[in-house]
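1. Sequence first, predicted model second:
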Amino acid sequence: MCIHKASCFMFMEHKKKMQGHHAASGSLKGEEANFQRQVKKVCFFDEIGGQRNMDTEEKMDMNGCELVGKQQLLAAEEKVKMAEEETQQYKRRFEECHRQMREAEITWRHQVALAEKKAQDSSLRPQELERENSELRREN
């Protein structure tokens with residue numbers, strides 16, 4: 001089936017002219033065969049052109065899909081980058097909290113040590129005063 005009817009119409013017009021010119025010569029059958037070959041060539045080229053158009057459209061669709069895929073990949077890579085930055089921020093916060101906790105523990109241990117020393121000094125003080133008091137009694 002011929003895609004371009006205008007081309008076929010032109011060939012039909014050409015055929016009619018040829019019939020008029022070659023009616024007397026008897027070579028109309030050869031020209032008719034030549035005309036039919038030309039029509040087949042035009043239809044063949046029309047089909048090839050249509051096939052190429054379809055191939056081009058398929059390639060464009062594939063390129064469009066690839067473009068969408070690349071855009072989605074870029075968006076996913078951006079999200080990964082943001083997630084990595086957020087993870088680094090949380091790590092820094094965690095390390096800061098851990099450092100503060102160690103400092104608080106050191107301060108607390110120091111305060112406990114001071115309180116224990118004070119308690120020990122307080123418990124030794126009465127014994128010392130008792131000893132001094134005993135020595136004074138002996139002297140008296």
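-> Right, received. Where do you want to start?
2. When you work out contacts or count neighbours from here on, use the C-alpha atoms and nothing else.
-> Will do.
3. Show me what the longest helix belonging to the chain is packed against.
-> Longest helix in the chain by number of residues (criterion: DSSP state H): helix 28-139. Other helices and strands packing on helix 28-139, by 3 or more CA pairs under 8 Å, 6 or more residues apart in numbering; DSSP states H and E, are helix 5-22.
4. Residue ranges in the protein under the pLDDT threshold?
-> 1-11, 15, 18-30 (pLDDT under 70).
5. Would you mind measuring from the residue nearest the centre of the chain to residue 80?
-> The structure's the chain has its C-alpha centroid closest to residue 73; by CA atoms, centre = their mean the separation is 2.2 Å. Using CA to CA, to the nearest Å, residue 73 is found at 10 Å from residue 80.
6. And for residue 64?
-> 24 Å.
7. now do residue 124
-> For residue 124 relative to residue 80 (CA to CA), the value is 65 Å.
8. With residue 69 instead?
-> 16 Å.
9. what does residue 14 give?
-> Distance, residue 14 to residue 80, by CA to CA: 68 Å.
10. likewise residue 94?
-> Computed as CA to CA, the residue 94 to residue 80 distance reads 21 Å.
11. do the same with residue 43
-> 55 Å.
12. who has more neighbours, these two?
-> residue 43 (19 against 12; other CA atoms under 10 Å).
13. ok, the more buried one to residue 37 distance?
-> Taking CA to CA, one finds residue 43 at 10 Å from residue 37.
14. try residue 105
-> 100 Å.
15. Then residue 63?
-> Where residue 37 is concerned, residue 63 sits at a distance of 38 Å (CA to CA).
16. And for residue 62?
-> 37 Å.
17. now swap in residue 134 and tell me
-> In terms of CA to CA, residue 134 sits 143 Å off from residue 37.
18. next one: residue 17
-> 17 Å.
19. now do residue 94
-> For residue 94 relative to residue 37 (CA to CA), the value is 84 Å.
20. ok, residue 88 - how many residues close by?
-> Residue 88 - counted by other CA under 10 Å - has 12 other residues nearby.
21. for residue 78, that is, sorry about that
-> By other CA under 10 Å, neighbour count at residue 78 equals 12.
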